[in-house]
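> Starting from these lines, generate the structure:
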Amino acid sequence: MDGGVIGLGITLIGMGLGVIIAPHAMVRESERNHARRLKELKEGAPEAYLEEKRELEAYRPRFDLSDKTIRKLGGVAAILGGAAVFEGIF
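Now for the predicted structure:
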């Protein structure tokens, strides 16, 4: 038995299942957040960095995966976690 591998596997399973259940929680920068921040800037909020407003107007969010893709990645993580737990036990 290898406790480190089992711990890693349990962590991967937990993260994978969490992503499958709530994929929207893992998206760091979504269309909604992008639109919300742009609206705040247009209403007069201070920019967090130079030309933030121009950047938001010109470019789409850099990280905008669909829920389906995120769920698939969570499934892969859960499977790898299960394999790690199996490897750690046997």
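
> I'd like to know which elements the longest helix along the chain is packed against.
Among the segments of the chain that qualify as a helix by DSSP state H, the longest is helix 67-89. Under the contact criterion of 3 or more C-beta pairs under 8 Å, 6 or more residues apart in numbering; DSSP states H and E, helix 67-89 touches helix 3-21. (Glycine included, C-beta is placed from N, CA and C.)

> Any chance you could list what contacts the helix or strand of the chain with the lowest mean pLDDT?
When each helix and strand of the chain is scored by mean pLDDT, DSSP states H and E, helix 31-42 comes last, with a mean of 89. Residues from elsewhere that reach helix 31-42, judged by C-beta atoms under 8 Å, 6 or more residues apart in numbering: 47, 52, 53, 56, 57, 60, 61, 64.

> most neighbours, which of those residues?
Among those, residue 56 has the most neighbours (other C-beta atoms under 10 Å), with 19 neighbours.

> What distance do you get for residue 81 to residue 20?
Using C-beta to C-beta, to the nearest Å, residue 81 is found at 12 Å from residue 20.

> So between those two, which is more surrounded?
Ranked by neighbour count (other C-beta under 10 Å), residue 81 and residue 20 place residue 81 first, with 21 against 16.

> quick one: low-confidence ranges for the protein?
For the chain, applying pLDDT under 70 flags the ranges 26-29, 63-64.

> 50 instead?
Residues of the chain meeting the criterion pLDDT under 50: none.

> Domain map for it?
Following automatic domain parsing, one finds the domains of the chain at 1-27+65-90, 28-63.

> Please work out how many residues are found near residue 19.
Neighbours of residue 19 using other C-beta under 10 Å come to 22.

> My guess is it contacts residue 71. True?
Yes - under the contact definition of C-beta atoms under 8 Å, residue 19 touches residue 71, with a separation of 6.7 Å.

> ok, back up a step: which one of the domains of the chain is the most hemmed in?
Most buried of the domains of the chain, by mean neighbour count (mean count of other C-beta atoms under 10 Å): domain 1-27+65-90, with a mean of 15.
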